[in-house]
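In: here is a sequence together with a model predicted from it:
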Amino acid sequence: MRKKILVTYSMWSTFTPTTLEYLAALKKFTDYDVSYVHVTHNAVMDFDINDYDVVFNNYCTRFCFEGYVGDDYQNALQKFRGLKIIAIQDDYDRTATLHRAIRRLGFHVVLTCMQKEFWPLVYPRSELPGVTLVQGLTGYMPESVIENRGRYPIIPLAERKVKVGYRGRAIGARYGRLGFEKYEIGRRFREVALKRGVATDIAMDNESRIYGDAWYNFLGSCRAVLGSESGSNVFDFDSAVEKMVEDLTVATGRAPTYDEMKDVLAPLEAPFNVGQISPRVFECAAMMTPMVLFRGNYSDVLTPDVHYIPLEKDFSNAADVLDKIEDIDYLQGFADRAYDHLVKSGKFGYRALADLLRETIEREYAERIDPRWVAYRSSTAQKFAPPPPGALNEKPTAHPQDAAVLNDRLLQAAKQASDAAAAAADAQGSSIAGEQTTPEDDEHTLAYRAVRGVWRLVPLRYRRALHKAVFRS
């Protein structure tokens, strides 16, 4: 019998193609019976989680931020009798909080991007006894680009109008040197190119960010694209760095810069060299766009001067790099080698992720889950009781849903909360006026109390909109 796999995720994160392709990998490349359910933003599980054999918690369902993942899902997960796997990408955010969640919820397997040499520092056995660690990547080669080549055509390098392209952003001091480099590579290289009169399309502001098909069109229009390692070497186990940044922001009226904090961050970064390969690298390779990257680790996948043109972090060779961008044959060699290694080899596609997960599931399930015990507990445990109807109730779906669905449900939940609040106010007014309340009034007051918690979790912009619609119409 096929194993039933439940992939848990957040609709809030499905606006990026990378997340959607990651979510779809198990369904697309295995013969498992795979379903999906949204579990953040106070989602309520309107089904029995023990109908499944395995729960695979996607990296966008982040337990390091308390209150983000729904309590109902967490309660169900604690009672789940099958195999529990969690994928993690931003291991450096509130790492101790993440440890506690893994222990409390009983995850058996952690799929991490961290290189094995750093596991004893990030996931020590003393903190996660009995947990199996498996190494993956932050993202994989997007097969959809290759499968839909007519939609994403390859423009010859000589015909590409933009010599160097880049999109990045300033993410603040919290993420240390690697975070700073995402902004600095664009800022410094743009200055050098401007002095040389080289046509670039380099931007680091949020307004210039590009998504969807437009992103691939952008990559395909560039003769070369800049890049740096993903991730962070600042592991903020107890949120001390986060609090330091907040305190400095309050004290100065602005967020601190990396230069202002680098002396404090340096000792925290020193033990680590966990620079990751980002999904952008695979996207560039798929579009046969040569890469100009800071020298780095890149999950031990890339080799400088073979798969990418190395840019020194002091920009001492920036002028030389600009000269090389005029050599089409030289650039084509990098595009071809990166394509052969990252795309054509098949080693880094989402099929490879699915194979890794399948191997892990089969091995760990056989070692950890006794079907006899599962059958016994299923026959003796308290039967699942469906929750009352509600806007935030969730049932498994055949495919992940997008943020628009979540937006509609949050608006509906906020409307229910507003209606309950208005009804409670009317009931209170009637009582004050001397009118006798009925059992229905009492039940409505209880309903108001129940939805009040939901109301508080609805994003402020929705609450304001509904207040305007309900109380000012």
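Out: Arrived safely, thanks for sending. Numbers count the residues shown, from 1 in each chain.
In: contacts for the helix or strand containing Ala352, please.
Out: Using DSSP states H and E, Ala352 sits in helix 350-368. Residues outside helix 350-368 that contact it (CB atoms under 8 Å, 6 or more residues apart in numbering): 3, 5, 21-22, 24-26, 28-30, 32, 53-54, 56, 82-83, 85, 108-109, 111, 132, 134, 136-137, 140-143, 346. All C-beta atoms are positioned from the backbone trio N, CA, C, and that covers glycine.
In: got it, and stretch 92-107?
Out: For stretch 92-107, the surrounding residues in contact (CB under 8 Å, 6+ apart) are 57, 62-66, 74, 77-78, 80, 84-86, 88, 91, 110, 122-123, 127-128, 131, 175, 231-239, 242.
In: could you list the low-pLDDT ranges of the stretch 351-473 of the chain?
Out: Counting by pLDDT under 70, the stretch 351-473 of the chain has low-confidence residues at 429-473.
In: show me how the record splits this structure into domains.
Out: The chain is divided into the following domains under automatic domain parsing: 4-140+349-394, 144-344, 403-471.
In: hey, least reliable of those domains by pLDDT?
Out: Mean pLDDT per stretch puts domain 403-471 lowest among the domains of the chain, at a mean of 63.
In: so Val164 sits in a helix?
Out: No: per DSSP: H, G, I helix; E, B strand; the rest coil, Val164 lies outside any helix segment and is strand.
In: right, and it touches Ala203 too?
Out: No: counting by CB atoms under 8 Å, Val164 does not reach Ala203; the two are 11.9 Å apart.
In: looking at the two, which has the bigger crowd around it?
Out: Val164 (24 against 17; other CB atoms under 10 Å).
In: so who does the more buried one touch?
Out: Here Val164 is in contact with 189, 193, 198, 200-202, 222-226, 292, 322, 325 (criterion: CB under 8 Å, 6+ apart).
In: over to Tyr339?
Out: Going by CB under 8 Å, 6+ apart, Tyr339 touches 285-286, 288.
In: in stretch 264-277, which residues are buried?
Out: Buried positions in stretch 264-277, judged by neighbour count with 16 or more other CB atoms under 10 Å: 265, 268-269, 272, 274-277.
In: distance between the ends of that stretch?
Out: Distance between the two ends of stretch 264-277: 26 Å, counting by CA to CA, to the nearest Å.
In: who touches it?
Out: 113-115, 118, 121, 137-139, 173, 176-178, 229-235, 241, 244, 258, 296-299, 301-302.
In: any of those buried? List them.
Out: Buried, going by 16+ other CB under 10 Å: 113-115, 118, 137-139, 173, 176-178, 229-235, 241, 244, 258, 296-299, 301-302, out of the contacts of stretch 264-277.
In: can you tell me which of these are in helices?
Out: Among the buried ones among the contacts of stretch 264-277, the ones falling in helices (DSSP state H) are 176-178, 241, 244, 258.
In: and those as CSV, adding distance to Tyr152?
Out: Below are these laid out as CSV (distance: CB to CB, whole Å):
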residue, distance to Tyr152
Gly176, 34
Arg177, 33
Leu178, 29
Val241, 39
Met244, 43
Tyr258, 35
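In: biggest separation within those, which pair?
Out: Farthest pair in these (CB to CB) is Leu178 and Met244. Separation: 18.0 Å.
In: can you verify my assumption that Ile88 contacts Tyr59?
Out: Yes: between Ile88 and Tyr59 there is a contact at 5.8 Å, judged by CB under 8 Å.
In: neighbour count: the two, which is higher?
Out: Using other CB under 10 Å, the more surrounded residue of Ile88 and Tyr59 is Ile88, with 25 against 22.
In: Ile102 versus the more buried one, what's the distance?
Out: According to CB to CB, to the nearest Å, Ile88 stands 9 Å off from Ile102.
In: what touches both of these two?
Out: With contacts taken as CB under 8 Å, 6+ apart, Ile88 and Ile102 have Val110 as neighbours in common.
In: which parts of stretch 316-326 are buried?
Out: 318, 321-322, 325.
In: ah, wrong one, I meant stretch 337-345
Out: Buried, per 16+ other CB under 10 Å, within stretch 337-345: 337-339, 341-343.
In: straight-line length of that stretch, end to end?
Out: 11 Å.
In: where do the strands of the stretch 351-473 of the chain begin and end?
Out: 393-394 (DSSP state E, counting those that start in this stretch).
In: what ranges do the helices span in it?
Out: 371-380, 403-432, 439-457, 460-471 (DSSP state H, counting those that start in this stretch).
In: ok, so of the buried residues of stretch 316-326, who is nearest Pro371?
Out: Nearest member of those to Pro371, counting by CB to CB, is Val321, at 58.7 Å.
In: secondary structure element for the closest one?
Out: helix 318-324.
In: show me what that helix is packed up against.
Out: Packing contacts for helix 318-324, counted by 3 or more CB pairs under 8 Å, 6 or more residues apart in numbering; DSSP states H and E, involve helix 176-196, strand 309-311.
In: wait, is Ala87 part of a strand?
Out: Yes: counting by three-state DSSP, one finds Ala87 located in a strand.
In: distance of it from Leu265?
Out: For Ala87, the distance to Leu265 equals 27 Å [CB to CB].
In: the stretch 1-150 of the chain: helices as residue ranges?
Out: Per DSSP H, counting those that start in this stretch, the stretch 1-150 of the chain carries helices over the ranges 17-29, 71-79, 95-105, 119-122, 143-147.
In: most packed of those?
Out: helix 17-29 (a mean of 20; mean count of other CB atoms under 10 Å).
In: one step back: show me the contact partners of the helix holding Val321.
Out: 163-164, 188-189, 192-193, 196, 198, 292, 309, 311-312, 330-331.
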